[in-house]
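Chemist: Attaching a predicted model along with its sequence, questions to come.
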Amino acid sequence: MTESNPQLDTLDTALKNYDTTHSSTSTTSDASDAVNESSYPPSTKAPAPTPVPTPLENTAGGLPSPSAGGNSTRTFPHNDKVDKKEQMKRLEHDIRKLLLWKQPVRSGAYFLLILGGLILSKSYSLIQIISALLTIVTAINLVYVNVTIQTQRILADRPGVNPYSALLKKDDMATMDRNFLQRSTELVADVVEAFLQRVSRIVLIENTASSAKWLGLFYIVWKLSAIISVRVLATLGTLLIFSVPLFYTRNQTCVDSKLLQGQAICQTHLEQAQVKIQELWHQCLTQLKLVQPGVKSGSDPSTSTAAAAGTSSQRSRKED
């Protein structure tokens, strides 16, 4: 048998004691940590804020980014802007075609729609007209849809289908075209601007003859509006607008000749009136002894002075 070494036994005993002490210490520390975590409330420290992604600027559509600040109004790209002069020319061309009945169906539809609305507004209010239209359309569709469904059930021996089912399944059935609304709004704004510019030129007397014509028209409308209702004036205006341009284009030669004759007659009467007014003015001045008889107003002052001196000398000789 081998002999035991007392030094090795002492070393083994020391290592075992160290392991036992270290394991007990770590167990005690873990238990104390668990007790500390259970005895104290959880930490109230706020979590770190999550970074907010920065929105990308939509340069294609012309929309400003929210970080731009200040003005958040939508700005449209410059490529969509149409020249106002060209747009107004197209509008004038369309109105001319409408009033000259180049497209009879379209012109007749507009004429009947405007005239019918004016006539109906005389006896019915706008709410009554809209309610009546909705009532009639709903009643017609109610009968049509139910008759169609029942006919399909009886004749085809299958469940009836609403004839408007294809339209009802569309999500964009009642949506409006934003581009169309934008163009319509710009068109209305251009028309209002053109109207205001035209009125300002008339009021500020850009052309004397044109302003005089519009002055007479404004006066006639002003006096007629005091006697006739606005609805009757609008009806007469609609009839004149849709009839006078067509009549003029078809009888332009005859109408122009008559207008020239009328202008010549008016010019002649105007000149005669001016002559009579000058004669009456001269007579009034003569009666008031401001002008000597036989001397016209506006003559040379030296001649009038000499004539006055001659008459005064003649009077003095007669007195002598």
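Modeler: Nice, thanks for sending it over. Remember, it's a predicted structure, so these values are computed and weren't measured experimentally. Numbering: from 1, shown residues only.
Chemist: So Pro159: helix, strand or coil?
Modeler: Secondary structure, DSSP: H, G, I helix; E, B strand; the rest coil: Pro159 is coil.
Chemist: show me what contacts it?
Modeler: Contact analysis of Pro159 by Cβ atoms under 8 Å, 6 or more residues apart in numbering lists Gln152, Arg153. For glycine as for every other residue, the C-beta is placed from the backbone atoms N, C-alpha and C.
Chemist: those helices in the stretch 101-250 of the chain, which residues are they?
Modeler: 104-123, 126-155, 165-168, 178-203, 208-227, 230-250 (DSSP state H, counting those that start in this stretch).
Chemist: right, and those helices - which one's nearest Gln287?
Modeler: helix 208-227 (34.0 Å; Cβ to Cβ).
Chemist: for the record, mean pLDDT for that closest one?
Modeler: In this model, helix 208-227 carries a mean pLDDT of 90.
Chemist: Could you list the buried residues of that helix?
Modeler: Neighbour counts over helix 208-227 (16 or more other Cβ atoms under 10 Å) mark Trp214 as buried.
Chemist: orientation of the biggest helix by length in the chain relative to helix 230-250 in degrees?
Modeler: Longest among the helix segments of the chain by residue count, using DSSP state H, is helix 252-287. Relative orientation of helix 252-287 versus helix 230-250 (axes from the mean of the first three to the mean of the last three Cα atoms, to 10 degrees): 110 degrees.
Chemist: Can you list the helices and strands that helix 252-287 packs against?
Modeler: Applying 3 or more Cβ pairs under 8 Å, 6 or more residues apart in numbering; DSSP states H and E, one finds that helix 252-287 contacts no other helix or strand.
Chemist: CA atoms of the particular helix or strand that has Lys89 in it as CSV?
Modeler: According to DSSP states H and E, Lys89 maps onto helix 84-99. The C-alpha trace of helix 84-99 is given here as CSV (Å, rounded to 0.1, in the frame of the first residue of the first chain):
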residue,chain,number,x,y,z
LYS,A,84,-55.3,83.0,-69.2
LYS,A,85,-55.5,84.7,-72.5
GLU,A,86,-55.7,81.4,-74.4
GLN,A,87,-58.3,80.1,-71.9
MET,A,88,-60.4,83.2,-72.3
LYS,A,89,-60.2,83.0,-76.1
ARG,A,90,-61.4,79.4,-75.9
LEU,A,91,-64.2,80.4,-73.6
GLU,A,92,-65.3,83.2,-75.9
HIS,A,93,-65.2,80.8,-78.9
ASP,A,94,-67.4,78.3,-77.0
ILE,A,95,-69.9,81.0,-76.0
ARG,A,96,-70.0,82.3,-79.6
LYS,A,97,-70.7,78.8,-80.9
LEU,A,98,-73.4,78.4,-78.3
LEU,A,99,-75.1,81.7,-79.1
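Chemist: Can I get the helices of the stretch 101-250 of the chain in CSV including distance to Glu86?
Modeler: CSV is the format used below for these (distance: least, Cβ to Cβ, whole Å):
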stretch, distance to Glu86
helix 104-123, 22
helix 126-155, 36
helix 165-168, 37
helix 178-203, 11
helix 208-227, 24
helix 230-250, 23
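Chemist: and His269, which of these is closest to it?
Modeler: His269 lies closest, by Cβ to Cβ, to one member of these: helix 208-227, at 16.8 Å.
Chemist: Show residues contacting that closest one.
Modeler: Contacts of helix 208-227 (Cβ under 8 Å, 6+ apart): Ile202, Val203, Ile205, Leu233.
Chemist: Flag the shaky bits of the stretch 51-200 of the chain, pLDDT-wise.
Modeler: For the stretch 51-200 of the chain, the stretches with pLDDT under 70 are 51-83.
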